[in-house]
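Visitor: Fold the following, please.
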Amino acid sequence: GTCTITASARTVMVGTTTVASGTTNGLLYDNAGSLGNLATADNGILITSASGVPSISSILPTVTSAINTTSASGYKQNGSTVLNIINGNYNDLVGHHCINNCTVLIGAGAGGNLNSADYLTIAIGFNALGATTSSNSESVAIGWNSQGTLTGTGIYYNTTVGINTLGYATSATGNVAVGTDAMRNPTAISDSVAIGPNAMASVNTSNSIGIGNSALAANLSATGTDNIAVGYNAGIGPYATTGSHLIGLGDHALASFTTATYDVAIGYHSGLGVSTGSPDVFVGGFSGQAVTIGNSDNCIGYNCFAYGSGGMTGSYNNAFGVNSGMGITSGGANSLFGDHSGAAVTTGSSNGCVGYNTCSQGSGGMTGSYNNVFGQNSGLAITSGTGNTFLGDQTGVTVTTGSSNIAIGQNSAAATLTTGSGNILIGSDTPTASTSYYMNLGNVITVAGINNPSNSTTTVSGFIALSGIPTTCSGRPSRTIAAIGWVSGTTAGTLTLCP
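Guide: Purely as a prediction, here's the structure:
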């Protein structure tokens, strides 16, 4: 065909169609050989019908079964609906319920109740920030139902990534949650960080950090604050209530706390059984695992305070070294330093065991108290013995039930003494296992019956060679002590003292 333009008539002829006038802002198109005139509309888009007929519309046509345009509430700008896109199959798309003020919403139901007062908010995923009914600004929610049910007041500054992160919470401010179900259920939580699946899933807290699968997951009745838990099930606290100011680092660290406060546990299963009590410090794999309600217990080393039968309830214990104090139950105020030191202590209290293997092998456990033992393997076998003092490597090695013994020097009381009590031994031992109230000074002087409350007879054997002992005091008053069993040379004598 031909197109003829007549200037005087200001007409256009296309084929057999003559256009002498038109519609303002209209569009011309070929309609099966005839010229069609399409009227435009404000804020519209050009679409075509299923048969290809063009038109201007504010609603997108149905292009796939996954898009439904019949009931969208729309993309809003300055309060007016200008574009409708919804998703009948609940897959993510762009635009549904979008508003202004630098807000980005992607996904069916995302930001469904936000309004023009909200700003700098990003919601990506089905129902992300979907139920918020009050101001929720400067928040980021990414994931299915992320921050989905927040309805409280003053909801700001939350950043959540993952399915159900803060998904069923009601009030939250200033939180970071990353991982499926992180911070899923709390009713009120603020200024906290949860990273990992189920981390801090139910705890109502503030100023807390939970990193790891189910870290600080707790329960809905838990309200403790200022807690830090890092590791799988660290600080999970299934029966937690008000436990606060806790630090648990490691798989299952502080996993059973309820009302404990100011406890620190670092290591695999460290402080696993702690329920109440404070302040405690446990460092090392399984350290403090057996502690349940102890107070002011401190241990550093693998397995320290780890296996007390029925749990450890004793308080004020300090242990440093692998396996140190590993069997303590109700014993308290023990000081144990060195690998395996005090490993046998159970109910014994106020014992001081310093050195490798001290107080470590008492058969059936060490129940004796007030023992002070210094040196490798010293007091190795003590069971119910009390008030013993052993100083030096291998001292008191064989003592079991004996009490109030003093042994000084390497291998003192290391071969014979077991049940005897009240002995003083320096570099020596007793004649028999049950010998009591006996003194042996370097196998030179021996005294039988010393310090025996039921025997007034003391037998001294051996001698001390003395020189320069005055017999007079050069005119000064003198005092002579007689009959004290003093031995000079080989003859008993007296000792003169000058003031």
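Visitor: which stretches of the stretch 1-150 of the chain have low pLDDT?
Guide: 1-23, 33-35, 60-102, 115-118, 132-136 (pLDDT under 70).
Visitor: Show the residue spans covered by the strands in the stretch 351-499 of the chain.
Guide: 352-354, 372-374, 389-391, 406-408, 424-426, 438-441, 445-448, 459-461, 479-481, 487-488, 491-492, 495-497 (DSSP state E, counting those that start in this stretch).
Visitor: now the end-to-end length of stretch 27-46.
Guide: 10 Å (CA to CA, to the nearest Å).
Visitor: The chain should start at 143 in everything you say after this.
Guide: Sure, I'll start numbering at 143, so the last one becomes stretch 169-188.
Visitor: contacting residues around Gly463?
Guide: By CB atoms under 8 Å, 6 or more residues apart in numbering, the contact set of Gly463 is Ile442, Gly443, Cys446, Leu478, Phe479, Gly480, Asp481, His482, Ser483, Tyr498. Backbone N, C-alpha and C define where each C-beta goes, glycine included.
Visitor: Now with 6 Å, please.
Guide: Gly463 sits next to Gly443, Gly480, Asp481, Ser483 when contact means CB atoms under 6 Å, 6 or more residues apart in numbering.
Visitor: and which of these is nearest to Leu180?
Guide: Of all these, Gly443 has the smallest distance to Leu180: 84.9 Å, by CB to CB.
Visitor: so the closest one touches Val464, yeah?
Guide: Yes. Taking contacts as CB atoms under 6 Å, Gly443 lies within contact range of Val464: 4.8 Å.
Visitor: which of these two has more neighbours?
Guide: Gly443 (28 against 19; other CB atoms under 10 Å).
Visitor: Return the entry from the contacts of Gly463 with the maximum number of neighbours.
Guide: Ser483 (35 neighbours).
Visitor: secondary structure element for it?
Guide: Using DSSP states H and E, Ser483 is not contained in any helix or strand.
Visitor: Quick check, it in contact with Gly467.
Guide: No. Applying CB under 6 Å, one finds Ser483 not in contact with Gly467, separated by 7.5 Å.
Visitor: burial measure for the residue nearest to Asn582 when sequence neighbours are not counted, as a count.
Guide: Spatially, and ignoring its direct neighbours in sequence, Asn582 is nearest to Ser570 (3.9 Å; CB to CB, 6 or more residues apart in numbering). For Ser570, the neighbour count with other CB under 10 Å is 25.
Visitor: Could you check the pLDDT of Ser570?
Guide: On the pLDDT scale, Ser570 is placed at 92.
Visitor: for Asn547, what are its contacts?
Guide: By CB under 6 Å, 6+ apart, the contact list for Asn547 reads Asn530, Asn565.
Visitor: if you set the cut-off to 8 Å instead, what comes out?
Guide: 527, 530-532, 538, 541, 555, 559, 562-567.
Visitor: Please apply the same query to Val425.
Guide: Taking CB under 8 Å, 6+ apart as the contact definition, Val425 lies against Val406, Ala407, Ile408, Gly409, Ser412, Cys441, Ile442, Gly443.
Visitor: could those go into JSON lines alongside pLDDT and secondary structure?
Guide: Output for the contacts of Val425, formatted as JSON lines (pLDDT from 0 to 100; DSSP: H, G, I helix; E, B strand; the rest coil):
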{"residue": "Val406", "pLDDT": "97", "secondary structure": "strand"}
{"residue": "Ala407", "pLDDT": "97", "secondary structure": "strand"}
{"residue": "Ile408", "pLDDT": "98", "secondary structure": "strand"}
{"residue": "Gly409", "pLDDT": "98", "secondary structure": "coil"}
{"residue": "Ser412", "pLDDT": "97", "secondary structure": "coil"}
{"residue": "Cys441", "pLDDT": "98", "secondary structure": "strand"}
{"residue": "Ile442", "pLDDT": "98", "secondary structure": "strand"}
{"residue": "Gly443", "pLDDT": "98", "secondary structure": "coil"}
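Visitor: and the closest residue to Ser199 other than its chain neighbours, backbone torsions?
Guide: Once flanking residues are discounted, Ser199 sits nearest to Ile189: 5.1 Å by CB to CB, 6+ apart. The phi/psi pair for Ile189 (degrees, to the nearest 10) reads phi -130, psi 170.
Visitor: Same question for Ala461.
Guide: Dihedral angles for Ala461 - degrees, to the nearest 10 - are phi -140, psi 130.
Visitor: Quick check: the closest residue to it other than its chain neighbours vs Thr528, distance?
Guide: Among residues not flanking Ala461 along the chain, Gly467 sits closest, at 3.6 Å (CB to CB, 6+ apart). Separation of Gly467 from Thr528 (CB to CB, to the nearest Å): 18 Å.
Visitor: For the two, indicate the residue with more neighbours.
Guide: Ranked by neighbour count (other CB under 10 Å), Gly467 and Thr528 place Gly467 first, with 38 against 19.
Visitor: Tell me which stretches of the stretch 193-342 of the chain form strands.
Guide: Listed in chain order, the strands of the stretch 193-342 of the chain (DSSP E, counting those that start in this stretch) span 196-199, 217-219, 222-225, 246-248, 264-266, 278-279, 282-284, 297-298, 301-303, 313-315, 318-320, 330-332, 335-337.
Visitor: For Gly178, what is the enclosing helix or strand?
Guide: Going by DSSP H and E, Gly178 is in strand 176-180.
Visitor: ok, now which ones touch the residue nearest to Asn582?
Guide: Gly551, Ser554, Asn582, Leu583, Gly584, Asn585.
Visitor: how about TSV for those, with distance to Phe424 and neighbour count added?
Guide: Shown next, in TSV, are the contacts of Ser570 (distance: CB to CB, whole Å; neighbours: other CB atoms under 10 Å):
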residue	distance to Phe424	neighbour count
Gly551	36	19
Ser554	35	30
Asn582	43	24
Leu583	44	16
Gly584	44	13
Asn585	46	12
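Visitor: returning to that earlier point: burial count for the residue nearest to Ser199?
Guide: By the measure other CB under 10 Å, the count of residues near Ile189 is 15.
Visitor: where's it relative to Asn173, distance?
Guide: In terms of CB to CB, Ile189 sits 16 Å off from Asn173.
Visitor: Gly427 touches His411, doesn't it?
Guide: Yes. Using CB atoms under 8 Å, Gly427 is in contact with His411, at 6.9 Å.
Visitor: any shared contact partners between the two?
Guide: Joint contacts of Gly427 and His411 (CB under 8 Å, 6+ apart) are Gly392.
Visitor: out of the two, which sits in the busier spot?
Guide: In this view Gly427 and His411 are compared by other CB under 10 Å, and His411 has more residues nearby, 22 against 18.
Visitor: I'd assumed Leu396 was in contact with that one.
Guide: No. Using CB under 8 Å as the test, His411 is too far from Leu396 to be in contact (9.9 Å).
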